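A.B. asks: Coordinates for the following, if possible.
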Amino acid sequence: MMPIEKFPSSRPEHRRCAAERPSLRQKPANRREKVSPLRAARSGRDDGFFRNLVRAFTCLILLLAAVPAAAQVPQRVVTLNLCLDQMALRLAAPDQLVGVSYLSQDPRLSVLADRAAALPPVRDSVESILILRPDLVILGQGSHARLKRLLRDAGVRVLELPWATSIGEAETVIEQMAAALGREDVGRSLIAGMREQRRQLAWKGAPRGTAVYLEANRGTSGKGSLMDELLRLSGYRNLASELGIGSFGRLSLETVLAGQPDLVVLDGTANDNPARATEFVGHHALLALAGQAKLASVPTKYSICAGPDNFETMRRLAEAGR
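C.D. replies: Prediction:
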């Protein structure tokens, strides 16, 4: 009787047969091996999961990138320019504006003086600004160079905006300020209202003649000035512009008389100074008595800054021209 081998023999045929026998540990072919998602992604066996993972990660990055933009909307804003004050008082959210220039509280210069009076007045000193703890200070280009440097050194964000000399330029500044304040919708609404007023008030008839604007010190506004635009929109030729005067100049009474204007526009604030008003008003009253011109009085606050208040000037010019 032959002995029974307990282990595969060393014979070649036995080794071949043993290799061909399935291992007891080998999983059945029809059973799918469970693989972790991360391992599947690494091995490339689950491309769909990997693509979804990349998309989710990309969305997360975009969301995180959007957070700083929202956080940059200023919460405490100071303006340091009379004309920029007037825009900020209209655009800023409640409690967003914490200080304006002291000039905005003067009712002779500011239409919104009452509203400005509720805020701390700011002067051209870094101390008066920093005490308000602003995260944004808005001021005019080309001015306050040292103040801007000190504010930036203190870590305060500074926004410089241009001086608007026309209604169109004012609209551009409003857009820029509204964007900086996170109030784009309010800015668009304000501009739409300005354009509608301009459409309604712009003169559409035959030319009304010649007009001249005069201040108490015989100053006048010529070509390229805001008053020049308002006169032209109201249907008048500007005598100062026709005489070659730029944005600001002076005219003698004799020159005004020789120009024979149809309308003399007086700076309404001249009457606030009795020492200067007698000669100023008396001379131009003489023009009216001589039958050479109609008179219109326009307070400075309606024409000192380009913006929504200019349309009150146009209303007064229209009334005087009737």
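A.B. asks: how is the chain carved up into domains?
C.D. replies: Annotated domains of the chain cover 77-200, 205-320 [automatic domain parsing].
A.B. asks: For Arg250, give me phi and psi.
C.D. replies: phi -130, psi 150 (degrees, to the nearest 10).
A.B. asks: Surely it touches Ser221?
C.D. replies: No. Using CB atoms under 8 Å, Arg250 is not in contact with Ser221; the gap is 11.0 Å. Any C-beta I mention is one placed from the backbone N, CA and C, and that applies to glycine too.
A.B. asks: how about the helices in this structure?
C.D. replies: With DSSP state H as the criterion, the chain has helices at 12-20, 37-43, 47-71, 82-91, 113-116, 126-130, 145-153, 167-181, 184-201, 226-233, 239-242, 253-259, 274-289, 310-320.
A.B. asks: Would you mark the buried spots in the fifth one?
C.D. replies: Judged by neighbour count (16 or more other CB atoms under 10 Å), helix 113-116 contains these buried residues: 113, 115-116.
A.B. asks: Closest one to Arg123 out of those, please.
C.D. replies: Taking CB to CB as the measure, Arg123 lies nearest Ala116 of the buried residues of helix 113-116, at 13.8 Å.
A.B. asks: Tell me how far that closest one lies from Ser110.
C.D. replies: Going from Ala116 to Ser110 by CB to CB, to the nearest Å gives 6 Å.
A.B. asks: any common contacting residues for these two?
C.D. replies: Taking CB atoms under 8 Å, 6 or more residues apart in numbering as the criterion, Ala116 and Ser110 both touch 85, 104.
A.B. asks: looking at the domains of the chain, which has the lowest confidence?
C.D. replies: Of all the domains of the chain, mean pLDDT reaches its minimum on domain 205-320 (a mean of 83).
A.B. asks: Show the end-to-end separation of that one, please.
C.D. replies: Terminal residues of domain 205-320 are spaced 15 Å apart (CA to CA, to the nearest Å).
A.B. asks: Counting neighbours, what do you get for Pro134?
C.D. replies: Pro134 is flanked by 24 other residues according to other CB atoms under 10 Å.
A.B. asks: hang on, isn't it packed against Gly155?
C.D. replies: No. Counting by CB under 8 Å, Pro134 stays clear of Gly155, with 10.6 Å between them.
A.B. asks: Find the nearest non-adjacent residue to Leu136, please.
C.D. replies: Leaving aside its chain neighbours, Leu136 sits nearest to Pro74 (3.7 Å; criterion: CB to CB, 6 or more residues apart in numbering).
A.B. asks: Just to check, the one you found is in contact with Leu159?
C.D. replies: No. Pro74 lies out of contact with Leu159 (CB under 8 Å); the separation is 9.0 Å.
A.B. asks: Can you tell me the closest non-neighbouring residue to Gly193?
C.D. replies: Pro308 (7.1 Å).
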